[in-house]
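Asker: Build me a structure from this.
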Amino acid sequence: MDAGEWTLADGATLRELVPDNDTAVVLVADPGDCFGCSAAVGEWATRRATGEVRLYLILTREPTAAERKQLAAFRMPVAGILARSALPRRFQSMEYLFVGGIPVMAVTLRTGRSSSTVVKWARTRDQASR
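Answerer: Numbers count the residues shown, from 1 in each chain. Sure thing, here's the model as predicted:
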């Protein structure tokens, strides 16, 4: 099963988040990992705020009260929570590039910076669709 078929708690799939004519980065992360990878998440939040990329943050579980405060500090809205049944057995927080609802690239969420490869592809695909 590819990541686009993963089901969110509300019944939607990741594929349904990204419209058919759109390119976006989908971060799928455990809320605790978001802060271990705070440099990467902060960089993605900045890219989202400037309109450089469309970004959706999907969490693997409901965040704790403390994690919600940290997410608010990043100004990073949560687009959804994965359904428990959707999680692969050995899950790592990942950056996915979705083009037209289809995941075309996946990179492990890094503890340092966001993936320049994913950013480059997202920009290229987005400009080509305009």
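
Asker: Show me where the chain dips below the pLDDT cut-off.
Answerer: 1, 34-40, 85-90, 109-130 (pLDDT under 70).

Asker: where exactly do the strands run in it?
Answerer: 23-29, 55-59, 78-81, 94-99, 102-108 (DSSP state E).

Asker: give me the beta-bridge partners of the residue most central in space within the chain?
Answerer: Nearest to the mean C-alpha position of the chain, by Cα atoms, centre = their mean, lies L27 at 1.6 Å. Under DSSP bridges, the beta-bridge partners of L27 are L57, E95.

Asker: for it, what are its contacts?
Answerer: The contact partners of L27, taken as Cβ atoms under 8 Å, 6 or more residues apart in numbering, are 41, 44, 55-58, 93-96, 109. Backbone N, C-alpha and C define where each C-beta goes, glycine included.

Asker: Same list (those residues) but as TSV, adding neighbour count and distance to D2.
Answerer: Output for the contacts of L27, formatted as TSV (neighbours: other Cβ atoms under 10 Å; distance: Cβ to Cβ, whole Å):
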residue	neighbour count	distance to D2
V41	23	23
W44	27	21
L55	20	20
Y56	19	16
L57	22	19
I58	21	14
S93	22	17
M94	19	12
E95	25	15
Y96	25	10
L109	22	18
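
Asker: Could you dump the strands of the chain into TSV and include distance to R68?
Answerer: Below are those laid out as TSV (distance: least, Cβ to Cβ, whole Å):
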stretch	distance to R68
strand 23-29	14
strand 55-59	10
strand 78-81	9
strand 94-99	22
strand 102-108	24
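
Asker: For E5, which of these is the nearest?
Answerer: E5 lies closest to strand 102-108 among the strands of the chain, at 9.3 Å (Cβ to Cβ).

Asker: other SSEs contacting the closest one?
Answerer: Counting contacts by 3 or more Cβ pairs under 8 Å, 6 or more residues apart in numbering; DSSP states H and E, strand 102-108 packs against strand 94-99, helix 116-129.
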